[in-house]
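*Asks:* okay, sequence plus prediction incoming.
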Amino acid sequence: MAKKAVKKLKLVIPAGKANPAPPIGPALGQAKVNIGEFVTRFNEATKSMMGDIVPVEISVYDDRTFDMVFKTPPASSLILKAIGKEKGSGKAPTEKAGTITRAKVKEIAEKKLKDLNANDLESAMKIIEGSCRSMGVEVKG
């Protein structure tokens, strides 16, 4: 018999840096997840992605076991990493936070393609370019 999912959690945690402190611990505790096991499994699975922020979907079953599904880092964090800045422009249309090449946009789009609502690479690139514009990052080339 298949396990029945009781609860679904969505958390965004820096790769390899999960700990039982708030906000992670209380969220997992309310769902009756073994926090120590989650922290160990998450950190082990994401140690290759150090420096990125990793969204994770946790399905909790009625026997208190759980499955984790890792998503790709948010487009905004990948863009900021590409331009080497901490944050985007607060006044996007008038102030520019930096510039990014179309080749870098294509690289980000390829990485995010499975998590985006896009059918092909070209439309994924347009989504990433839109994120760039809203953050005040200019796309060149």
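*Replies:* Arrived safely, thanks for sending. Bear in mind the structure is a predicted one, so any value in this text is a computation, not a measurement.
*Asks:* max-length helix in this structure?
*Replies:* Ranked by residue count, the top helix of the chain under DSSP state H comes out as helix 121-135.
*Asks:* and it, what's buried?
*Replies:* Ala124, Met125, Ile127, Ile128, Glu129, Ser131, Cys132, Met135 (16 or more other Cβ atoms under 10 Å). Every C-beta, even on glycine, is put in place using the N, C-alpha and C of the backbone.
*Asks:* excluding its backbone neighbours, what's nearest the last one?
*Replies:* Put plainly, it is Met135. Excluding its sequence neighbours, the residue lying closest to Met135 (Cβ to Cβ, 6 or more residues apart in numbering) is Gly88, at 3.2 Å.
*Asks:* just put the buried residues of helix 121-135 in CSV and tack on pLDDT and distance to Gln30.
*Replies:* Listed next are the buried residues of helix 121-135 as CSV, based on pLDDT from 0 to 100; distance: Cβ to Cβ, whole Å:
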residue, pLDDT, distance to Gln30
Ala124, 93, 35
Met125, 94, 39
Ile127, 93, 34
Ile128, 93, 35
Glu129, 93, 39
Ser131, 91, 32
Cys132, 91, 37
Met135, 89, 33
